[in-house]
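Student: the sequence and its predicted three-dimensional model are supplied below.
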Amino acid sequence: MIRKTLKKTSKNQKLRDFIKKYRIKPEYLSTSRKMVSRAVLVGLFIAFIPMPFQMVAVLAFVPFFRFNVPIALAMCWLSNPFTMPPMYYMEYLTGSFILGTEVAPVEMTLEWFSDNIDDIFIPLYFGTFIYSVLGSLAGYWLVNYFWHGSVHRDRKLHRDDRE
């Protein structure tokens, strides 16, 4: 269903006029399986990293990888002000567990973070690396899996209708 919606959207005349007016490279808005799955991979990888300007980081990958930019930007919105604290705390706990370090009680104040950044930095970013890699690879695999399933289902329905 999403695949069909993306295909319909890419044929929209207003969108084509916008692309032509601002000279946007068409591959940045391509809705092929490869472009969408790469966008999910890049967007989710960046979404798990605790840093400011995540959308700028996604755009920094554009010259190196070809992917659907709007979908990648939407994927990096997974980490928003509501989801950031639990995500980053989970990453910190995971990193601390794997590294075998003691978990410090966390307070949600800037003063606490500035005082304890040395203690939480390595476990946090170690956990971030694990979740970024695993989450982005899982998203990439799921998009490919469901896309293939959708194509095969449509082909079967089309074959059955022809008979």
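Tutor: Structure received.
Student: now do the longest helix along the chain, average pLDDT.
Tutor: The residue-count maximum for a helix in the chain (DSSP state H) belongs to helix 110-162. Mean per-residue pLDDT for helix 110-162: 88.
Student: helices or strands up against it?
Tutor: With contacts taken as 3 or more Cβ pairs under 8 Å, 6 or more residues apart in numbering; DSSP states H and E, helix 110-162 sits against helix 2-10, helix 33-47, helix 84-99. (Glycine included, C-beta is placed from N, CA and C.)
Student: can you add distance to Ala72 and give the ones you listed back as CSV?
Tutor: What follows is the helices and strands packed on helix 110-162, written out as CSV (distance: least, Cβ to Cβ, whole Å):
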stretch, distance to Ala72
helix 2-10, 14
helix 33-47, 4
helix 84-99, 18
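Student: out of those helices, which comes closest to Phe146?
Tutor: Nearest of these to Phe146, taken as Cβ to Cβ: helix 2-10 at 8.0 Å.
Student: among the helices and strands packed on helix 110-162, show the one with the smallest mean pLDDT.
Tutor: Across those, helix 2-10 has the smallest mean pLDDT, namely a mean of 59.
Student: on that earlier part again, same list, the helices and strands packed on helix 110-162, but as a markdown table with distance to Phe67 and mean neighbour count please.
Tutor: Conversion of those to a markdown table gives the following (distance: least, Cβ to Cβ, whole Å; neighbours: other Cβ atoms under 10 Å):
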| stretch | distance to Phe67 | mean neighbour count |
| --- | --- | --- |
| helix 2-10 | 13 | 13 |
| helix 33-47 | 4 | 23 |
| helix 84-99 | 22 | 16 |
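Student: among those, which comes closest to Ser132?
Tutor: Ser132 lies closest to helix 33-47 among the helices and strands packed on helix 110-162, at 4.9 Å (Cβ to Cβ).
Student: got the angle between the closest one and helix 110-162?
Tutor: On the basis of axes from the mean of the first three to the mean of the last three Cα atoms, to 10 degrees, helix 33-47 is oriented at 160 degrees to helix 110-162.
Student: for helix 33-47, packing partners?
Tutor: Looks like helix 33-47 contacts helix 54-60, helix 69-76, helix 110-162 (3+ Cβ pairs under 8 Å, 6+ apart).
Student: try 10 Å this time
Tutor: Packing partners of helix 33-47 (3 or more Cβ pairs under 10 Å, 6 or more residues apart in numbering; DSSP states H and E): helix 2-10, helix 54-60, helix 69-76, helix 110-162.
Student: how about a markdown table for the ones you listed, with distance to Ile46 added?
Tutor: As requested, the helices and strands packed on helix 33-47 are exported to a markdown table (distance: least, Cβ to Cβ, whole Å):
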| stretch | distance to Ile46 |
| --- | --- |
| helix 2-10 | 21 |
| helix 54-60 | 5 |
| helix 69-76 | 5 |
| helix 110-162 | 8 |
